[in-house]
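In: Below is the sequence, then the predicted model.
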Amino acid sequence: MYKNICVFFFIVIANWAYGQQPSRVTIKGVVKDKENVEAPFATVMLLNPKDSTLQNFTQSNDKGAFTFANVRNTDYLLKVSLISYLPLQMTIAPSAVAVNDLGVVVIKPIAKELFEVVIRTAKAPLTIRGDTIEYDATTFKVPPGSSVEDLLRRLPGIEVDLAGNLKTQGKDVKRVYVDGKTFFGNDPTGATKNLDANAVAKVQVFDEKSEQSKLTGVDDGVKEKAMNLELKEEFKKGSFGKITAAGGSNEEGIGRWAGRGNFNRFDKTTQLSFIAYGNNINETGVNWEDYSEFKGQSTFDEYDNGDFGFSSGRGRYYYQSDEGAPISYFDGRGFTKNYGAGANFNFDNKKTKFNVSYFYKNNHQNYDEFDYKETFVGDSSFMNHDTTAYSDLRQNHTLAARIEQNIDSNNVIIAKANIRYGTISTNSLSNDFYAVNTNEILNNLLTNNSSDKTSWKLTSALIYRHKFKTKGRSFAISAAYNKNPGNNDDDLYSNNRFFVPTYAEEIHRKAAQGVDKQQIKSSLLYTEPLTKKFFMELFYNFNTSDNKVNRQIADGLHGDIRIDSLSVYYTNTVMINRLGTDFRYSFNGLNIMVGIAGQYLQMNGKYSMDKNMPWITDPINKTYWSMSPKVSFSYEFPNNMYLDFEYGYELTEPSFEYLQPIPNVDNPLYQTKGNINLKPERTHSVNFSYNYYNQASFSNVGFNVDYNYCPNSISYNKNMIWTDSVGIVTELFPENNSKSNNINSWFWAGYPIVKTKFTNNWSLGFYYDNGGAYVNNVFNKTNQYQYYINTSFNITPGQKLVIALSGKATLNDDRLSLQPDRNQFEQKYTSGLSVKWQFAKKTFFEGNFDYEFYRNSAYNYVKNIPILNASVRQIIGKKNHFEIRLAAFDILNKRQYIQQYSSSNYYFRSTAETLARYFMLSFSYNIKGYETKIKKNRGWD
Amino acid sequence: MKKQIILLVVAMMAWALPNKTFSQQTEGTVRYLTTYDWVKMINSCDYLSKDRKDKIAYMWGNRSEWKMFNNLYFSLQKSKYENSEEKAEPDEEGYNGRKETFFITRNFAANTYFNALEMFGKVYLVSDSLKAPDWKILNDMKEVAGHVCMNASFTDTLMHQKIIAWFALDIPIPAGPDRFFGLPGLILEVNINNGAKIMTADKIDFKTLTTEFDMPKKLKGKQMNTLAYLTYIKKFLDEKRKAEEYPWGLQY
């Protein structure tokens, strides 16, 4: 009863007080420490007690006093914080009076050693929960392999005795938990002695009810010290992979199969991956997406440029190591069988990047090809009708390694090497009819050639870069060694039959060729900042290459006797010394470079019939000296517009192939002679480009123009003459023939018709090339024009449907002065429609229809090729691990290889059969599970 | 042992010193090292597919950082934050990109702000009254650039960002880097989305400022208030969400 009365009074008083509470209030107090000394400049905050959000703050004055004037009179959480003190928290109820004087607020210091060692030395955040303090143990470094006990010895506030017993704040730690669970029974040292220190993220020490009170449920007030070790979450560790097996056939029952799989394992610093594939459906390798996943973080390490200075006209050569990358490439002819497998390892810890990879590839291709060629000579022409049965087997092993070591922030070293071993064996059987004008057959050349080639290739490079203390001053040096030895055995058989009069000429030659190429390169670069915006560069390039070729030809019809006139052994060396300088201005989006380089080039070639035989002609000794200027300009406009301009002038030496004094007559119908008097080609090149993109409107536009002018370009003159018992023999002889110009320009634009739903892209191109050469002493001027226009629409009405529509027209207009009535006009039109449709929760339809139309009015040649593919796939399993797919390829059974072009004084067309209609069922398993969404985006964002 | 004693004495002196010579410094500059981790940025984008995020993390995980310097000028009344001319990334190629218009100024006395932000080639001049976020104050402490700081955090619902700030207990200035302010002490570190962007003070100079707060003489752009600016941002974000693309290029 008494109690009830008390409650009653309390309510009355509370109500009275409430009614009288002011709406705004002044809260004040004085911050003092335990020794009753005023604490000046403490941060004092009023928080919302519900969610700790900041409502108001102030600072105590030099006497420790603080005031919040005129604040809302409500519940607050008062927080007082001062360096080296535990933050103090107290709740404040609404005040009954206008000034709520809290009196003295006492703050407790943080244990000095904890504060000094954790905050100041280890720079670790301290988390304070009431009286317990937690900090990130990972900031205390221990050697790898250390136990938790070793770690604890370093932590402030914790004592570890010889036996491994733990003490904190003078009390024994009775229990050790790991992630909140008991570990190895009740012995606290069980966890600390056995766990790896590097597995621990946090160490928490707290008070726990005694074992006694836990058992009885009666709190005896005795608190025991306990410790919890929170383990690191290894967020960057895992594996993924996929495996697919597919089988099917066409209606003739020819089996089609494909298999592929990949597996990747990774953690924070390493990536290990395996990939393998095999098929007979013309996938000669893997796609870019799979390849980049295989190479992981080393994908973009392939392109280390060691050729310093502005480019030297022969293109900037990069030390590329992905040569022979197993990226699928199929030329469209015939049928292939393909196998490949590889492994890749990456290590990357920001200081060191290391990569090693191995790949094996095996491709077998065979096809039957039908060629038609018309060659224009004088005012007449002759035709070739050629049928070829071809097969090859290519195998190669590639081992590549690269290391990039950042010694410190100013020094970096890159070393890389790539070794490749390859074999190629080919066989081709061809039947070639020569005819004059229309179908007047002159002769029939039957050839049966086979070849076996083995080669080794080593490419290696070393690059060192150093930055000086002066900002912008740097130095770099590179060295490279490449070696490429190989052997070739060719068996060349031909039977040349003539009809008027009737006779046949049989040739059987066996060629054994040994090649050894070697290249040594080195470059130096020094960059000096002249001002903040001006830089000067000095560079030096050295490049020497040695080629040794020994080609011995034996007559297979006459006891394999060497044919002296065709056998040749030659060595040639090219040595380049190039010294250059350039000045750069770079500031605020404007980058200008003006440079000049002087190059001294020495060529040396020697020719004999065989190794250790006397030289049969005077050696070629040529030296060329040239100066090449270079100008480049690029400007970034404020509205995402970019403008680039470049001009360069280069001298390109004639290749040994052009100079070679010994005629090459491997093919009796083609005889190539060299020309020792050739002059280097002089080329002016200009590039201009413009780019604009707008992320806000999702649109872009740009164009690019390349123009090259060469007043003395080298081309082959041709003499085509009827030779009895041989046929029409083409003699080729290179000369500095003519001016040549070429322009390559293209334009593109993309914009949304309806943002994010309907976009339209355009690209237009124009190419022009002119040149010429003498054909039977008449100059044949050639003008080639190419135009193309391409447009596409992407339609994504919702999340479940993606439609793409495209159309392209390509026109080739090739004109030759020799026979203007034989000008060629080739047309190719393609259009396509593709649909991706998710028509049930985990079921997808994918289909595309492409239509190709070829036409050449000069020959009344017209060809239509419609291609229709369709597939349905279903994702199965709770976690979407499985996929089953039924696909039909080329449903209309129309696929075919077609190529046509004109060049110099001929028109050429080639057709070949290839993989047409077939059906396939595939099963796939994905470790991570398949995504049950249509992929909308490609690329890297 | 001797070494330890010396260390202890030094530690005690260091302990005692700040209390004795505690003086309030309220004007100067802070240089922040800003680190972007674009894998983490993409990872914090809720509408991108897990497959894509996983692949980007796998391909670029250890090479995804990009660093720059920013400067903050502060006094009791004002602050100005801008990009520094100093480069934090080694630039071997020597290419120099265009300097974007960017500054964030605050007038704490008048409770206003004025920002010049460049997005997609256009300059936006945003000004309005200041409104501090609802900072949550937790009991974490750590040292940044020699100053003991306390932890404060909030969640930005527009950009889906978890923001953790560390403010100095001994610099009673409500300023901070980028758009962050409104704490009892100068903000010396901000961590957005678990490291997607981190701004850390690496140099603090207390000095009397002269022309640092001056505005550029020529300044053209579209004028906006807070509401118009946030509407613009939201519209862009919604479009990018539909297109399933990361909203690169936003100044927020």
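Out: Thanks, I have it.

In: quick one: the helices in the chain?
Out: Just going to use chain A. All helices of chain A, identified by DSSP state H, fall at A:2-20, A:112-114, A:148-154, A:188-194, A:211-216, A:288-295, A:656-659.

In: sorry, should have said chain B
Out: Using DSSP H, helices in chain B cover B:2-20, B:38-43, B:50-60, B:226-243.

In: Residue A:361 and residue A:261, how far apart?
Out: Counting by CB to CB, to the nearest Å, the gap from residue A:361 to residue A:261 is 16 Å. C-beta here means a position set from N, CA and C on the backbone, and glycine is covered the same way.

In: can you pull the buried residues of stretch B:73-92?
Out: Within stretch B:73-92, the residues that count as buried by 16 or more other CB atoms under 10 Å in any protein chain shown are B:73-75, B:78-82, B:88.

In: what would the residues you listed look like in a markdown table with distance to residue A:309?
Out: Converted to a markdown table, those look like this (distance: CB to CB, whole Å):
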| residue | distance to residue A:309 |
| --- | --- |
| B:73 | 42 |
| B:74 | 46 |
| B:75 | 50 |
| B:78 | 49 |
| B:79 | 46 |
| B:80 | 43 |
| B:81 | 40 |
| B:82 | 36 |
| B:88 | 27 |
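
In: So which of those are in strands?
Out: B:73-74, B:78-82 (DSSP state E).

In: For stretch A:446-456, what does the pLDDT average out to?
Out: The average pLDDT within stretch A:446-456 is 96.

In: what does the stretch 451-600 of chain A have sitting close to chain B?
Out: A:465, A:467, A:472, A:474, A:527, A:533, A:535, A:584, A:586-591 (CB under 8 Å from any CB of the partner chain).

In: try it again with 6 Å
Out: By CB under 6 Å from any CB of the partner chain, the residues of the stretch 451-600 of chain A that approach chain B are A:535, A:584, A:586-589, A:591.

In: what's the farthest-apart pair in those?
Out: A:535 and A:589 (16.1 Å; CB to CB).

In: Give me the more crowded residue out of the two.
Out: Taking other CB atoms under 10 Å in any protein chain shown, residue A:535 and residue A:589 do not tie; residue A:535 has more neighbours (21 against 17).

In: per-stretch mean pLDDT over the helices of chain B, give me the minimum one.
Out: When I compare those, helix B:2-20 is least confident, with a mean of 38.

In: Give the burial count for residue A:502, as a bare number.
Out: 7.

In: any idea of the pLDDT on residue 214?
Out: Assuming you mean chain A. 56.

In: was after chain B, sorry
Out: In this model, residue B:214 carries a pLDDT of 90.

In: on that earlier part again, pick out whichever of residue A:361 and residue A:261 has more residues nearby.
Out: Shown here are residue A:361 and residue A:261; by other CB under 10 Å, residue A:361 has more neighbours (21 against 17).

In: I'd assumed residue A:327 was in contact with that one.
Out: No: Residue A:361 is beyond contact range of residue A:327, at 10.4 Å (criterion: CB atoms under 6 Å).

In: separation between residue A:134 and residue B:245?
Out: 40 Å.

In: now residue A:510
Out: 62 Å.
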